[in-house]
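Student: Sharing a model prediction with you, sequence too.
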Amino acid sequence: MKIIIPHIHKIEGDAGFWARLTRKGEVKDLEFQTLLGLRQIEGILIGRRYFEVPIIVSRICGICPVPHILAACTALEKALNIKVSEQTILLRKLLLAANIIYSHTLHLFFLSLPDFFDIESDLEFLKKFKKESKAALGIRKFSEEILEIVGGRTVHPITPIIGGFAKLPEKENLRKALEKISKAIENAIFLIDTFKKINYPDFKKKTLFVSIFNGRDYPFYLEKIVKIGKEKFTVGDFYSTKIEEDLKNPPVKRVKFKGKAYMLGAIARLKNNEEFLKESAKEKLEEFRKENKIPIKEFFKNTYFNLFSQAIEVLHFLEISKDLIEEIIKTPLKEEKIEIKFKPSSGLSALEAPRGTLFHYYEIDKDGRISNCNIITPTAQFLHNLEEDLKVLLPKILKLKKKDQIRKIRSLIRVYDPCISCAIH
Amino acid sequence: MKRKPKIAFFSLTSCEGCQFVLIDLGEKFFNLLKKVKLIDFSLIEEIPFPKGKVKIDVSFVEGLPIKKEEVRLLKKIRKESKILVAIGNCAALGGIPEMKNYQGKERTIRYIYKRLDGILNPEIKEIDNFVKVDFVISGCPINGEEFLKFAKDLIKGKIPKISQKPICSECPHQGKKTCFLKKREPCLGPITLRGCGAVCPKNSQLCYGCRGILKGINPKGFLETLKKFKKPEEIEDNLEIFGIKDNIEKLKAL
C-alpha cells in the first residue's frame, strides 16, 4: 500500500510525502520530500565581500530573515574580533523577538489552526473565526511595526549590519509601539486560550530536544552552550563533533546527533528552558497542563504541543519585547563607529530562529572576502525527527478514509512548521 | 452579477518573501481577495492547481524555475493566464541565486556537496527566458502598497503604466550632503526604477538596484563615474548582488 501527497500546501516552500506500507500496516519506506530548487547560497557566498553576507543570507528565507542576518553578523564579528555595544545587543534582541512573534503567529493561525477545524482555505477560516483572526492579525501587525521601526523593513530588514546598525530607530516610534504592546499581549492571551481549546491528537514518542542554553534566562540571541537532552556542549563542540550533515543526499543536508534524530523549535526551547519563561507565559503553560491533566513528561512526548508551545512563546516574546523597548528608550541612542581590520580568521555562531537553533559558520580572508561558509538551518535538523513521528502516526490512521489520512499527515507535518526555503538554501 | 476576475499566486524556488509582503498587508490584501476568485495561492489554501483548463485572468509568479517541474508549471501558468506578472527580484532579474552564473558552472556547488551526480545545477534564468511576461512588479522584496496599486489595474485587465523615474526622485538624501554619491559611495539610485520609497538609502544602505535598471537609459556613463569612487571590481560585485549585471551587459552590447 502506498500513500502519496504530491504537494503539501500551507508550509513555507513546497514539499511532498511518500510512504509504502506492508499489508499488515507496517511502514516500509517513508519520505518527506523537499521540492524546491537549490539556490546554493553557501557556495555563492564564497568570494563575496563580508558586508554582503547579511544582505545575501537574509534572502534564504522571507519569513525568518532576522535570525539569518544576525547569525551572519555575529559569526563574522567573532571572526573579525568586533565587540558590539550593549545598545546593539538590545536592538538585535528586539528584532529577533519580533521575528519569532511574526513567524509563529503566521504559522499558528494561517497554516496550522485551520487543520483542527478541517478548513482548507484561510479565506474561509478568516470568515468563520472573526475574533481569532482579528487577534492574530493584531499581534502580527505589532511585530511588523517593530521589525520596520528597528530593521527599516519587515521582510528583509535593512539596518542590521556587521558591527551594529546602519541606522538607529527613532525613539519616538519605539515609544509609540510601547503604547500598543498591552493590546498585543491581550491578543496573545486570547490566542493561547484558542489553542488551549483545540483537540490535540493523542501522540507519544520520546525524542531529544535541542536549543541554546545559558541557565539564567530564556535564551534566544547568541549563546555559548547547546543543550541536547540532559547533555550540554559548547556551540563549537556540538557543531563540529556531535552533529553530522549528510552531504551526499542533496538537496537538503539533513542532520543527526550521534546518529540520532532530534527536535528543535518552540517545544524544544520550552523543554530546555521552561523555568526561565516570563511569569505570565509560565502560568499559562502550567494552567493548560493542569486543566488537561497532562504530566510534564507527557507534554514533551506529544509533538502536537509544539503549537501550544509557540502560542506560549508569542506571549513570552511580547513580554520580552516590552522589557527591551523600556530598556532601550531609557537612554539616548548613540551613533557608533566600527573599525574593521581584516585578517584570515573564522567565526561560528548559534542563535534561536523561530523553528530552532540556527548555525552560521564563516571563514574570511585577508581582504575581507568569504573563503568558506556553512549554514545549518533548523528545518534541516528536524526532518529526521519529523519522519520518525510520521512513522508513529501512520499505523494509527490506516483505518481512516484516504482523504482523512492525508489530512492527518499534512497536519502533523505542519505542526513542525517546516521551512523548505531554509532547508534547501 | 459581474463575473469575478480569476487570479492566482505561484511561488517557484525563492525565499517566498514577496508572498509574505502580501500577507503582511493584512486586511488590505484579504479585502482584495474578496473581489476576485482565487484559483491558487498555496501558502493559504489546500486546493491543488487544476490539471485541466482554468483560464486565469491574472497570474502572479514569484521566484525562479530551477527544477524541471517548475519549468513545466511555469509554462502551464502561461498557457492558462491572460496576464502573467513577474513579482520580485528573482522572477524579474534572477536575484541573489543568479550570482552563481558568474562563478563558474561547478565551482559554487562543489563548496556545498560532496556528490554531484543527479544534482540539479542549471544556469539561473529569469522567468521571461521561458515564457512571455506581461508585467513586472520588481523589488527584493516587492513593496506591498505598490503591489496593491498595480493589482487594481491588473485585475481589471489593464497593464499599468510605470513612469520611468529613478530612486533618487523619492530619496530623502537627494541634493543633500548625506547623498551617498556626494560621499563617493557607489549608490545605484540614479539608474534604478523607483517605487520602494528609496527604502535602502532611507535606512543608510546603498541602493544595489534590486528593482532593475530604468528603461530607455544607458547606464554606461554613470557606471564609469562610479568606477572612479571604488575599484571597478567592486562596482561589478555590486551589480551582481541583485542580478542586474547581465541586463547591463546586454545594454552595453547594443
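Tutor: Structure's in. What do you need?
Student: Over to A:Phe220. Which of the three states is it?
Tutor: Here A:Phe220 is coil, with the state taken from DSSP: H, G, I helix; E, B strand; the rest coil.
Student: who touches it in this structure?
Tutor: A:93, A:96-97, A:100, A:212, A:269, A:317, A:351-352 (Cβ atoms under 8 Å, 6 or more residues apart in numbering or on different chains). Where you see a C-beta, it was placed from the backbone N, CA and C, and this is true even at glycine.
Student: who wins for neighbours among these?
Tutor: A:Arg269 (30 neighbours; other Cβ atoms under 10 Å in any protein chain shown).
Student: Can you name the residue of the stretch 151-300 of chain A nearest to chain B?
Tutor: When distances are taken as Cβ to the nearest Cβ, the stretch 151-300 of chain A reaches nearest to chain B at A:Gly152, 3.5 Å away.
Student: show me the contacts for that residue.
Tutor: Contacts of A:Gly152 (Cβ under 8 Å, 6+ apart): A:158-159, A:167, B:199-200, B:202-203, B:205.
Student: can we see that at 6 Å?
Tutor: A:Gly152 sits next to A:158-159, B:203 when contact means Cβ atoms under 6 Å, 6 or more residues apart in numbering or on different chains.
Student: Give me the number of neighbouring residues for the residue in the stretch 51-200 of chain A positioned nearest to chain B.
Tutor: Taking Cβ to the nearest Cβ, chain B has its nearest neighbour within the stretch 51-200 of chain A at A:Gly62, 2.6 Å off. By other Cβ under 10 Å, the residues close to A:Gly62 number 27.
Student: Now it. Nearest residue, chain neighbours left out?
Tutor: B:Gly17 (2.6 Å; Cβ to Cβ, 6 or more residues apart in numbering or on different chains).
Student: Phi and psi next, for the one you found.
Tutor: Backbone geometry at B:Gly17, expressed as degrees, to the nearest 10, gives phi -60, psi -30.
Student: A:Val155 is in contact with that one, correct?
Tutor: Yes: counting by Cβ atoms under 6 Å, A:Val155 is a contact partner of B:Gly17 at 4.4 Å.
Student: Pull up the overlap in contacts between these two.
Tutor: With Cβ under 6 Å, 6+ apart as the test, B:Gly17 and A:Val155 both reach A:62, B:141.
Student: what comes up buried for stretch A:279-288?
Tutor: Buried positions in stretch A:279-288, judged by neighbour count with 16 or more other Cβ atoms under 10 Å in any protein chain shown: A:280-282, A:284-285, A:288.
Student: Tell me the residues on the stretch 51-200 of chain B that lie near chain A, please.
Tutor: B:66-67, B:96-97, B:99-100, B:108-109, B:111-115, B:119, B:141, B:199-200 (Cβ under 6 Å from any Cβ of the partner chain).
Student: Drop anything exposed from the residues you listed.
Tutor: B:66-67, B:96-97, B:99-100, B:108-109, B:111-113, B:141, B:199-200.
Student: Pick out the most distant pair among the residues you listed.
Tutor: B:Tyr113 and B:Val199 (35.6 Å; Cβ to Cβ).
Student: Write out the residues of the stretch 301-425 of chain A neighbouring chain B.
Tutor: Checking the stretch 301-425 of chain A against chain B by Cβ under 6 Å from any Cβ, the hits are A:Ser421.
Student: can you tell me which residues contact the residue in the stretch 301-425 of chain A that chain B sits nearest to?
Tutor: Per Cβ to the nearest Cβ, the residue of the stretch 301-425 of chain A with the smallest distance to chain B is A:Ser421, at 5.1 Å. The contact partners of A:Ser421, taken as Cβ under 6 Å, 6+ apart, are A:12-13, A:61, B:15-16.
Student: Throw the residues you listed into CSV and include distance to A:Gln310, thanks.
Tutor: What follows is these, written out as CSV (distance: Cβ to Cβ, whole Å):
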residue, distance to A:Gln310
A:Glu12, 14
A:Gly13, 19
A:Cys61, 17
B:Cys15, 21
B:Glu16, 19
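Student: Okay, domains of chain B per the record?
Tutor: Residue ranges for each domain of chain B read B:6-154, B:167-253, as given by automatic domain parsing.
Student: Pull out the buried residues from the helix or strand bottoming out on mean pLDDT in chain B.
Tutor: None of the helices or strands of chain B scores lower by mean pLDDT, DSSP states H and E than helix B:245-253, at a mean of 85. Neighbour-count burial for helix B:245-253, counted by 16+ other Cβ under 10 Å, picks out B:245-248.
Student: of the buried ones among the residues of the stretch 51-200 of chain B next to chain A, closest to A:Lys128?
Tutor: Nearest member of these to A:Lys128, counting by Cβ to Cβ, is B:Pro141, at 30.0 Å.
Student: The residue nearest to B:Ile213 when sequence neighbours are not counted: neighbour count?
Tutor: Nearest residue to B:Ile213, sequence neighbours excluded (Cβ to Cβ, 6+ apart): B:Ile191, at 5.5 Å. Neighbour count for B:Ile191, taken as other Cβ under 10 Å: 24.
Student: Look up phi and psi at B:Ile191.
Tutor: The phi/psi pair for B:Ile191 (degrees, to the nearest 10) is phi -110, psi 0.
Student: Name all residues that make contact with it.
Tutor: B:213-214, B:219, B:222.
Student: Now name the helix or strand holding B:Ala86.
Tutor: strand B:81-87 (DSSP states H and E).
Student: Show me what counts as buried in that strand.
Tutor: B:81, B:83-87.
Student: from the residues you listed, which single one is nearest chain A?
Tutor: B:Ile87 (12.1 Å).
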